[in-house]
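Visitor: sequence and predicted structure, then a few things I'm wondering about:
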Amino acid sequence: MTVAADFGPRITSLVPSGGPNLLAVLGDLGLDFEGGRYVFRGGHRLWAAPEIPGITYVPDNVPVQLRTDDNRIVAISPETGIGKAIDLIVKDDWLEVTHTVTNHTEKPIELAPWAITQLRPGGTALLPIDVSAPDAGGLQASTTLVGWPYTDWGALEYDAAAHVLCLTSDRDDATKIGASLRRGWLGYIVGGWLFVKYAQPAPQSAVDLGAQAEIYVCPDFVELETLGPSVLLEPGQSTNHMEKWQVVLAPDGIADAANLADSQNPWKESR
């Protein structure tokens, strides 16, 4: 794993033993806004939701402060505007990734921490759907599906055995799908590897109509995104959002991959 020093905070590579870099490498691919050009670069980044250009797309082109020890790296942005930090801790076969957003402005800001992992194209993204009953009688809704104006609903495949929505990256345009995070994970199968990131479901917020697990697919990359709760940050206040990552050899089939991800969920008992 590598972390950038000259920009970010950003994780720029994730390489399983004997495998390729699973994260996308995008060079200078970006978008132009009034605040400057936002360069995607690839890798894993921390954003703030909702997606508003003046807040979300603030360029992260300046050096970050790095703190390291044997099994930990912390990357911290300068203390201006919306400050961001990514704290990485390696624990056995897990990588704990804690995202911190701090309000360094003079006004309150309402936002949700938004953890986005850009992965190399060529694979299949997995969005699990929770069909377990939230109430004793099974009368209440169990999940939320959210679309965007450009969502191609016809591109979705549903594995009924695993209750997983699948999106392949073999396409000529972009599409996106979001859902509740009740099963606590998102996955991606590529090049014989299964990347899974886990997050705890948060109280539902107004951001993205309540979706806290999102997949974005385009020709250049695939994004797995989780959102923390939406909070009102007073000047000087911070909010955190943790993910836990695991990379394993991909099992045969979507159902086996989903069963493995479910069984390894570190927060399963707290659901």
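Guide: Done, it's in.
Visitor: from Q140, how far off is V64?
Guide: 44 Å (Cβ to Cβ, to the nearest Å). Glycine gets a C-beta too; all of them are placed from N, C-alpha and C.
Visitor: before we move on, what about A112?
Guide: Distance of A112 to Q140, given as Cβ to Cβ: 24 Å.
Visitor: between these two, tell me which one has more neighbours.
Guide: Per other Cβ atoms under 10 Å, whichever of A112 and Q140 has more neighbours is A112, with 22 against 9.
Visitor: which residue of the protein lies farthest from its centroid?
Guide: G137 (33.1 Å; Cα atoms, centre = their mean).
Visitor: tell me which element that residue falls in.
Guide: According to DSSP states H and E, G137 maps onto no helix or strand at all.
Visitor: Three-state assignment for G154, please.
Guide: helix (DSSP: H, G, I helix; E, B strand; the rest coil).
Visitor: what's the helix or strand of the chain with the lowest mean pLDDT packed up against?
Guide: In the chain, no helix or strand scores lower on mean pLDDT, DSSP states H and E than helix 53-56, which sits at a mean of 80. Here helix 53-56 touches strand 43-49, strand 109-119, going by 3 or more Cβ pairs under 8 Å, 6 or more residues apart in numbering; DSSP states H and E.
Visitor: let's see it at 7 Å
Guide: Helix 53-56 is packed against strand 43-49, with contacts defined by 3 or more Cβ pairs under 7 Å, 6 or more residues apart in numbering; DSSP states H and E.
Visitor: quick one: residues contacting the closest residue to V97 other than its chain neighbours.
Guide: Taking Cβ to Cβ, 6 or more residues apart in numbering, and ignoring the residues beside it in sequence, V97 has E243 as its nearest neighbour in space, at 4.7 Å. Residues near E243 by Cβ atoms under 7 Å, 6 or more residues apart in numbering: V97, A115, K197, Y198, A199, T226.
Visitor: do I have it right that L209 meets L145?
Guide: No: taking contacts as Cβ atoms under 7 Å, L209 lies outside contact range of L145: 9.4 Å.
Visitor: so which of these two has more stuff around it?
Guide: A count of neighbours by other Cβ under 10 Å puts L145 above the other of L209 and L145, at 16 against 12.
Visitor: OK, contacts around the nearest residue to the more buried one once chain neighbours are set aside?
Guide: In space, and not counting its chain neighbours, L145 is closest to A179: 5.5 Å by Cβ to Cβ, 6+ apart. Residues in contact with A179, defined by Cβ under 7 Å, 6+ apart, are L127, I129, T143, T144, L145, V146, A211, A213.
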